[in-house]
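A.B. asks: Just the structure for this:
(one chain, ligands or ions: 2)
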Amino acid sequence: MRCLSLARKTYLALLLLFAVTLLLLSPVSASDGGAFGVALSWTEDPATSITAVWRDDTQKTEYLQVTSEAEYRSSGFVAAVTAEASCTDISLDASGVWHYEATANCLEPGTVYCYRVGCEDAWSEVGTFHTDDPKSETVTFAYMGDVQTAGEMEADYALWGELCAALYERSPELSFAVLGGDLTNSGISVKMFDCFFQNASPVFSHVPLFSTVGNHESNILGGKPELFAGYFAFPDNGPEGFEEEFFSLNVGNVHLLVLNDWVFSGEQNLTDEDFAKLADWIRYDLATSREDWQVAVLHVPVYEVHSDTRATAVREAWSGIFEEYGVDLVFEGHQHVYSRSFPLYRGRVDYENGVTYIMGVSGSKFYDSSDESKAERVIYNTATYELVRTDGDTMTVQAIDLMGNELDYAVIPQRGVCVTRLEYIETLWRAAGCPEPSHESPFTDADSKAVTWSWETGLILGYGNGCFGPEDPMLDWQIDLVLGRMGE
Ligand SMILES: [Fe+2]
Ligand SMILES: [Fe+2]
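C.D. replies: Ligands and ions are numbered 1, 2, ... in the order given. All right, here's what the predicted structure looks like:
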């Protein structure tokens, strides 16, 4: 396990203190007109880039400028990386809801940066963020379940904004946060999204923010979350046609996998082929991730606490993949309680092989009952954020309320990939487009196309005695070897 030296820890702590001081002094928006609703994310490498999204009332040419904290102190933005923003009308009726989006690249890993957005006449206040250190084995991030409001919109979102501010004040080292969907009551309401961003921006203009899609974002004919997709910018490494609804990224030793499981509602009219494509993508994504921790984020729960046929569909399609491909922790929402499951394997409590599922709620809409049969801890009628910390082979989760009370604490068991050699190579083969091999199988114990392709490409060459060992478990070091060969 790598350890940061004391001097480096002190240096980082001082930089983060500087960042929080700037935050308290400066919300990232233009003081008079100009950019508003600024939020950060990563669409490219978290170690060397940053993406900013913001809104403005008019269509202009605007920029993102980024400079290291040290340079900013000596010469402002003179030596900044400058990225011109794209400007698009994200409204659903061409009414001119101007969304800006820009990505700055070529940044240094594990470094605190200052930035601003806008243009010469109207720069925003200065914000800060830090790039990821991919070698770090300590990561802190937050999950927040359904944000959607139950009562008066402005007041409820303001309360959620207070929870976000409390989170950042207590944990300024936060690397990123991820939401579990249902950010709004109406996914076609610009007013509601603007209100969401107004309250998200004070914190998430400093901390990259991600989200999965909830049913309330997806209430447009055809089931695509169009306005939601317009407002946010996420990695586009998902399956074709589902980019930014499905995506993954690595931060420190965490692999984050964000999935739109509202596709099981039927709104998008997906075919069996589409569902197979999505499942193949999830398998491939997990099979090729070598981070210590695999964390998935969904909206509809895998194990529902109120009856829901969509949850049954998610469970039947994906829970086996999570179990076999090493997912450690799944965050969910939709049913408006906090509920942490026992580690579950094939529906049964299994401390050795089980996946932990945590349903959260961070807004003001609550249900006051749930099926507690698979839950180790349940909390009703309380908005919380979930704070996750990794330290090498240890991951902990705390559920914390607005006042700072720790209402739940759990150590998450670490899981590994447990598939057979045949299953593993079939995953890679399907991701490669099911190429037709040009030889007969050289193996006496396996003759599938995937296995022959594996031998032709040299990814898995077999045991050298004419055997492939299709039913043998795929071991960790073998996965490393295959991924190394893929990278050659
Ligand atoms: Fe909800
Ligand atoms: Fe929902």
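A.B. asks: For this protein, list the residues in contact with ligand 1, please.
C.D. replies: Contacts of the chain with ligand 1, taken as CB under 5 Å from the ion, map to 146, 182. Quick note: C-beta positions are derived from backbone N, CA and C, even for glycine.
A.B. asks: contacting residues for whatever residue of the chain ends up closest to ligand 2?
C.D. replies: At 3.7 Å from ligand 2, residue 334 is the closest residue in the chain, using CB to the ion. Contacts for residue 334 (CB atoms under 8 Å, 6 or more residues apart in numbering) come out as 146, 180-182, 214-215, 299-301, 308, 359.
A.B. asks: Residue 415 and residue 355 touch, don't they?
C.D. replies: Yes - Residue 415 is within contact range of residue 355, at 6.9 Å (criterion: CB atoms under 8 Å).
A.B. asks: shared neighbours of the two, anything?
C.D. replies: Contacts common to residue 415 and residue 355, judged by CB under 8 Å, 6+ apart, are 327-328.
A.B. asks: Show me the helices in this protein, by range?
C.D. replies: Secondary structure of the chain (DSSP state H): helices at 6-25, 69-75, 153-170, 190-204, 226-231, 272-287, 309-314, 320-324, 421-431, 449-457, 476-487.
A.B. asks: wait, which of the ones you listed is closest to residue 46?
C.D. replies: helix 190-204 (14.9 Å; CB to CB).
A.B. asks: And the closest one, what's buried?
C.D. replies: 190, 192-204 (16 or more other CB atoms under 10 Å).
A.B. asks: likewise stretch 387-398?
C.D. replies: Neighbour-count burial for stretch 387-398 [16+ other CB under 10 Å]: 387-388, 390, 395, 397-398.
A.B. asks: ditto for stretch 216-234
C.D. replies: Per 16+ other CB under 10 Å, stretch 216-234 contains these buried residues: 216-219, 223-234.
A.B. asks: just these: which has the poorest pLDDT?
C.D. replies: Within the buried residues of stretch 216-234, residue 219 has the lowest pLDDT, namely 74.
A.B. asks: and of the helices of the chain, who's closest to residue 52?
C.D. replies: Closest among these, once you apply CB to CB, is helix 190-204, at 10.4 Å.
A.B. asks: In the stretch 251-400 of the chain, what residue lies closest to ligand 1?
C.D. replies: residue 334 (5.3 Å).
A.B. asks: where does this protein have its least confident helix or strand?
C.D. replies: Of all helical and strand segments in the chain, the minimum by mean pLDDT, DSSP states H and E falls on helix 6-25, at a mean of 50.
A.B. asks: now the chain, which segments are flagged as low pLDDT?
C.D. replies: By pLDDT under 70, the weakly predicted segments of the chain are 1-27, 31-32.
A.B. asks: For it, which residues are neighbours of ligand 2?
C.D. replies: Checking the chain against ligand 2 by CB under 5 Å from the ion, the hits are 182, 214-215, 334.
A.B. asks: gap between the residue nearest to residue 148 when sequence neighbours are not counted and residue 361?
C.D. replies: Excluding the flanking residues, the one nearest residue 148 by CB to CB, 6 or more residues apart in numbering is residue 182, at 4.6 Å. Distance of residue 182 to residue 361, computed by CB to CB, to the nearest Å: 9 Å.
A.B. asks: what's the answer for residue 246, then?
C.D. replies: 23 Å.
A.B. asks: With residue 430 instead?
C.D. replies: From residue 430 to residue 361 the distance is 37 Å (CB to CB).
A.B. asks: Could you list the domains of the chain?
C.D. replies: If you go by automatic domain parsing, the domain ranges for the chain are 6-130, 138-411, 421-487.
A.B. asks: Buried deepest among those, which one?
C.D. replies: Among these, the stretch with the highest mean neighbour count (mean count of other CB atoms under 10 Å) is domain 138-411, at a mean of 20.
A.B. asks: Centre of the chain to that one, how far?
C.D. replies: Centre-to-centre, domain 138-411 and its host chain are 8 Å apart (CA atoms, centre = their mean, to the nearest Å).
A.B. asks: Please work out which residue of this protein is closest to ligand 1.
C.D. replies: Closest point on the chain to ligand 1, by CB to the ion, is residue 182, at 3.4 Å.
A.B. asks: Would you agree that residue is in contact with residue 149?
C.D. replies: No - here residue 182 lies out of contact with residue 149, judged by CB under 8 Å, at a distance of 10.1 Å.
A.B. asks: Between the two, which contacts overlap?
C.D. replies: By CB under 8 Å, 6+ apart, the residues touching both residue 182 and residue 149 are residue 363.
A.B. asks: In space, what's closest to residue 298 - neighbours in sequence excluded?
C.D. replies: residue 261 (4.5 Å).
A.B. asks: was I right about the one you found contacting residue 316?
C.D. replies: No - if you go by CB under 8 Å, residue 261 and residue 316 don't touch, sitting 11.7 Å apart.
A.B. asks: Quick one: the strands in the stretch 301-450 of the chain, in order.
C.D. replies: Along the stretch 301-450 of the chain, the segments classed as strands by DSSP state E, counting those that start in this stretch run 329-332, 338-341, 344-345, 348-349, 356-359, 375-379, 384-391, 394-401, 406-411.
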